[in-house]
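Visitor: Show me how the following folds:
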Amino acid sequence: MRNFLLTILILTPFFVCSDANNQQNLQDTLLDNTEEDILKDIKEIDINEILDKSYNIPEEDILTDIPTEDLKDVLSTDTADDIIHMDTSTSDTYIDIQDINPFDYEPIDISPDAHTETGISDINNGSGLYKSDSDPYSKGRLPVKKMSVVKGQNGSPVEASIYLPQGYKEFAVVIFQHGFLVDNNFYSDMLEHIASHGFVVVAPQMYKADGIPIGKPKSSEEAETAIQFYNWLKLNINNLTGVNARMDLLGLSGHSRGGKVIWTIMLKDPSWTKAIAGVDPVDGTGGPLGGETRIADKPFNLNVSSLIIGTGLGPQGSGLNQACAPEGDNHVQFYNASSSPAYHAVAIDYGHMDMLNDSTPGCGMVCAACKSGPDRKGMRIFTAAQLTAFFRYILQNDNSMLNILIDPSKANIKVIMENK
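Guide: Reported below is the predicted structural model:
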């Protein structure tokens, strides 16, 4: 057993490729007036106008952060005394992050405090495809809820996490493929960021992320299973999410070997997307056990827009561990194989796993084997912003995002950028 565990440790690196003052002011105002005056003023309020324009009000300026339906009820039925003494605590409004079965429970809100702006963008006058107008380096306007799909649920071939924007009804879709042996939940901070800009983000878990490389599917087998899941998603995503999730406006993305998986899918069927993005993608032959076929050693010849994010430390080993994104099999080859238009951004001081959450419980050697940068936050924000800008540019037709993809001075960290 000791020798077996030692072998696993040696082999693993090869595979890792309400504001209190506002509330007091409200109470003081109510106490200084008679109940008849207050009720008269309330009746004169145009509720619809308030709700339509609430997206322009910063969250901290909304007096008690009362949910919309509760606000309507209060203004139409409660007395002044009721308003003064109502419980405005938000402790019951949000619940902790957890995986749930969406057919048994409501989706859970995972971003109650994350947004500097709230409400629905007024682009398209509140109808049609949602288009973000926020800085891609910050969270978007929309709160995000997380849903879980269980393997076998309505015939799903794998389990998955879905990051669902709230407050609107029509979104483009982004699918994100995890890296080898990595749990899809380790990317949740990054994927929530993308979703808040108006994308239904779907992250399938292709197999159990138990840290053991033996017995896992090859990238070609993983791609076949992913195609089955995408076809299942086409039939189920709208009923599952309750929104118009536009699978005809689909973006594909993936980290490490997940990047190889999405390009493998596109080489089989180029009709899946017009926007493909790899996060430090790795080609390779499958480490010391071999058996993998390279795909980035020749031109892809795909009629798509491509984004390839690379890391400066990915080609470097860490201690006794070999490089997680070795030279000759990494982002450079994927960019060179991509047809125009293609965008290439390299985070110089960061490593192959630095876009993951700060907390990755159970990751062990899978996360520790790669050389890492000064922190994960900088790389995580950069990766989220680049993916957001790219998919906004292609799927939401937001031409203002081009500068984010080609101008390194816009980045939050030191990067090298090129495009063709």
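Visitor: Okay, now the unreliable bits of the stretch 1-150 of the chain?
Guide: Within the stretch 1-150 of the chain, the stretches with pLDDT under 70 are 1-126.
Visitor: Could I get the buried residue list for the helix ranked longest in the chain?
Guide: The longest helix of the chain (DSSP state H) is helix 219-241. Using 16 or more other CB atoms under 10 Å as the test for burial, helix 219-241 gives 219, 222-227, 229-230, 232-233, 236-237, 240-241. No exception for glycine: its C-beta is placed from N, CA and C like everyone else's.
Visitor: any chance you could map the helices in the stretch 151-300 of the chain?
Guide: 188-195, 219-241, 257-268 (DSSP state H, counting those that start in this stretch).
Visitor: per-residue confidence averaged over the shortest one?
Guide: If I follow you right, that is helix 188-195. Average pLDDT, helix 188-195: 98.
Visitor: circling back to that earlier point, mind checking which of the helices of the stretch 151-300 of the chain is nearest Leu250?
Guide: Between Leu250 and those, the tightest spacing by CB to CB is seen for helix 219-241, at 8.1 Å.
Visitor: what's the closest one in contact with?
Guide: Defining contact as CB atoms under 8 Å, 6 or more residues apart in numbering, one finds that helix 219-241 is touched by 102, 147, 149, 154-158, 160, 162, 164, 173, 175, 177, 200, 202, 204, 206-207, 217, 244-245, 247, 257, 260-262, 264-265, 268-269, 272, 286, 292-293.
Visitor: what are the ranges of the strands in the stretch 151-300 of the chain?
Guide: 159-165, 170-177, 199-205, 244-255, 275-279 (DSSP state E, counting those that start in this stretch).
Visitor: so the third one versus strand 244-255, what angle?
Guide: So the one you mean is strand 199-205. Here strand 199-205 points in a direction 50 degrees away from that of strand 244-255 (axes from the mean of the first three to the mean of the last three CA atoms, to 10 degrees).
Visitor: Report the buried residues of stretch 300-307.
Guide: The neighbour-count check on stretch 300-307 (16+ other CB under 10 Å) flags Phe300, Leu302, Val304, Ser305, Ser306, Leu307 as buried.
Visitor: again with stretch 204-221
Guide: By 16+ other CB under 10 Å, the buried positions in stretch 204-221 come out as Pro204, Gln205, Met206, Tyr207, Ala209, Gly211, Pro213, Lys216, Ser219.
Visitor: ditto for stretch 264-279
Guide: For stretch 264-279, using 16+ other CB under 10 Å, the buried residues are Thr264, Ile265, Met266, Trp272, Thr273, Lys274, Ala275, Ile276, Ala277, Gly278, Val279.
Visitor: which intervals of the stretch 301-420 of the chain have sub-threshold pLDDT?
Guide: Scanning the stretch 301-420 of the chain for pLDDT under 70 picks out no residues.
Visitor: What are the boundaries of the helices in it?
Guide: So, for the stretch 301-420 of the chain - with DSSP H, counting those that start in this stretch - the helices run 331-337, 365-368, 377-395, 402-406.
Visitor: Of those helices, which is nearest Asn185?
Guide: Nearest to Asn185, of all the helices of the stretch 301-420 of the chain, is helix 365-368, at 12.9 Å by CB to CB.
Visitor: which one of the buried residues of stretch 264-279 is nearest Asn399?
Guide: Ala275 (14.3 Å).
Visitor: Next one, pLDDT for the closest one please.
Guide: pLDDT, Ala275: 98.
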